[in-house]
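Visitor: Fold the following.
(chains A, B, C and D)
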Protein chains: 2
Amino acid sequence: MVPSTDGSEKGPARRATLWASEAIVSDMVGRLIEFWGFKRNMGRVWAVLYLSPEPLTAQELRAVLRLSSGAVSMILNDLSRWGVVRKVWIQGDRRDHFAAEVQLWRMISRVLSEREKTEIVVFMEACEEAMRSLESKMTAQDARERAKAQLQLERIKALLELARLGKKLLDGLLSTAKLDAEPLTRFLLGGVRRASSL
Amino acid sequence: MVPSTDGSEKGPARRATLWASEAIVSDMVGRLIEFWGFKRNMGRVWAVLYLSPEPLTAQELRAVLRLSSGAVSMILNDLSRWGVVRKVWIQGDRRDHFAAEVQLWRMISRVLSEREKTEIVVFMEACEEAMRSLESKMTAQDARERAKAQLQLERIKALLELARLGKKLLDGLLSTAKLDAEPLTRFLLGGVRRASSL
DNA sequence: TGCATAGTTCAAATTGTTTTGAACGAACCG
DNA sequence: CGGTTCGTTCAAAACAATTTGAACTATGCA
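Guide: Take a look at the predicted model:
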């Protein structure tokens, strides 16, 4: 065993309890993240890493969050694929260590962009397909049907418009985010103030 | 039975099939809404109502979406409580009829504001509580502990800052939305363009 | 009042999601 | 090599969310 230079143990994980701050934040992030459609434990694992001064091993996470080895492995994989956690190699230790992405805005923008790529685009494509499927109905014999088709066309157009708006907003946030977090803050606060006074 | 003035049936629901456009949109809205953390069928019911020229009865919804009476009742309740569907009284018909809120932005802003009231506020309160719980650790004997507490304090402060930013953005969107949808559109598009060119 | 239909509620069933833990493969070390 | 630990996978189990359908209440109408 390599002697610990910093008081943390290398063997079977010790200190299997969290500070109150860690418990509160990891639970809260867990709930928020679940609300956002991810697994609760993804949020909890990220939060524990985020509040840790050093990268942690799967074992340590397993101990503090009382999860099975399989769960930790899968969750760390998920988090890596979302780019919100990364592996850190620590010399002299065979085990993988994990660190949280601490640049919150980078992290969020990565997730948002991943999602918009799928969700909003799928939404818009579906709208377009639905609109195409209405074309034939526009020449129906029944006037009532034609009117209905017309109404649906307009309403779906409104949905599409909304989706476009959402996409623009997201794209804007993301492109700003790529440059720096601080300008983003000013942009948002400035923009909001302008808007409220409109 | 009151004679139908418009060809729609009053008795046991007829026409238990959806147009392709209705099927596509209701499925798609269902998925999107599920992704957003609601029940899929809330989205499907709303979408069917949104694409319908007239308000529909629970029975009709039940027939086209193949749901049980209980489910329709509960879903319409949910939707009413979220303010995205309203009851419409049609004279001479004992049954409740339901119409979708068609002002998309009003609908979304109502939902967002409902959510932010809970989610973001809870998040911020948890951050504050966690920070308070760290105060005692700041004077620990162990220098290592003090450093860790200091780090956590800063990281939690960053989370709080992010939450504030999100809240400001939401508040701004919502306050703009209350006035009108069109200015909002211009605000967003204008704002985004400014941002990307920064 | 009594019948018929509309609407609600809730326990049980269904469906969907997440976690577990044992089995396996890979890497390191003596 | 063989032993040990690390990490992954996956079928089964546990858990969570949603839906069903039958029982019930309420309302309109004759």
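Visitor: Show me where chain A has its strands.
Guide: Secondary structure of chain A by DSSP state E: the strands cover A:56-57, A:85-88, A:97-100.
Visitor: which of those strands is buried the deepest?
Guide: Most buried of the strands of chain A, by mean neighbour count (mean count of other C-beta atoms under 10 Å in any protein chain shown): strand A:56-57, with a mean of 22. In this view, the C-beta of every residue, glycine as well, is placed from N, C-alpha and C.
Visitor: Is any residue of that one near chain B?
Guide: No: residues of strand A:56-57 contacting chain B under C-beta under 8 Å from any C-beta of the partner chain: none, with a closest distance of 12.8 Å.
Visitor: List the pairing partners of that strand within its sheet, with orientation.
Guide: strand A:97-100 (antiparallel) (DSSP bridges).
Visitor: hmm, the partner strand touching DNA strand C?
Guide: No: using C-beta under 7 Å from any atom of the strand, strand A:97-100 never reaches DNA strand C; the gap is at least 14.3 Å.
Visitor: what about that strand and DNA strand D, any contact?
Guide: No: Strand A:97-100 is not in contact with DNA strand D by C-beta under 7 Å from any atom of the strand; minimum separation 7.6 Å.
Visitor: I'd like to check what contacts that strand. Which residues are they?
Guide: Contacting residues not belonging to strand A:97-100 are listed as A:46-47, A:49-50, A:52, A:54-58, A:61, A:76, A:79, A:84-90 [C-beta atoms under 8 Å, 6 or more residues apart in numbering or on different chains].
Visitor: These: which ones sit near DNA strand D?
Guide: A:Thr57, A:Ala58, A:Leu76.
Visitor: Could you dump those into JSON lines with distance to B:Gly37 and pLDDT added?
Guide: Output for these, formatted as JSON lines (distance: C-beta to C-beta, whole Å; pLDDT from 0 to 100):
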{"residue": "A:Thr57", "distance to B:Gly37": "33", "pLDDT": "97"}
{"residue": "A:Ala58", "distance to B:Gly37": "29", "pLDDT": "97"}
{"residue": "A:Leu76", "distance to B:Gly37": "24", "pLDDT": "98"}
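Visitor: quick one: low-confidence ranges for chain A?
Guide: Chain A contains residues with pLDDT under 70 at A:1-15, A:178-198.
Visitor: Show me what from it comes close to DNA strand D.
Guide: So chain A meets DNA strand D at A:Thr57, A:Ala58, A:Gln59, A:Ser69, A:Gly70, A:Ser73, A:Met74, A:Leu76, A:Asn77, A:Arg94, A:Arg95, A:Asp96 (C-beta under 7 Å from any atom of the strand).
Visitor: Tell me which two in those are the farthest apart.
Guide: A:Met74 and A:Arg94 (20.7 Å; C-beta to C-beta).
Visitor: Which residue of the two possesses the greater neighbour count?
Guide: Neighbours of A:Met74 and A:Arg94, each counted by other C-beta atoms under 10 Å in any protein chain shown, are more numerous for A:Met74; the result is 15 against 6.
Visitor: Which residue is most remote from the mean position of chain A?
Guide: A:Gln141 (49.1 Å; C-alpha atoms, centre = their mean).
Visitor: Can stretch A:153-162 be said to contact chain B?
Guide: Yes: using C-beta under 8 Å from any C-beta, stretch A:153-162 comes into contact with chain B via A:Arg155, A:Ile156, A:Ala158, A:Leu159, A:Leu162.
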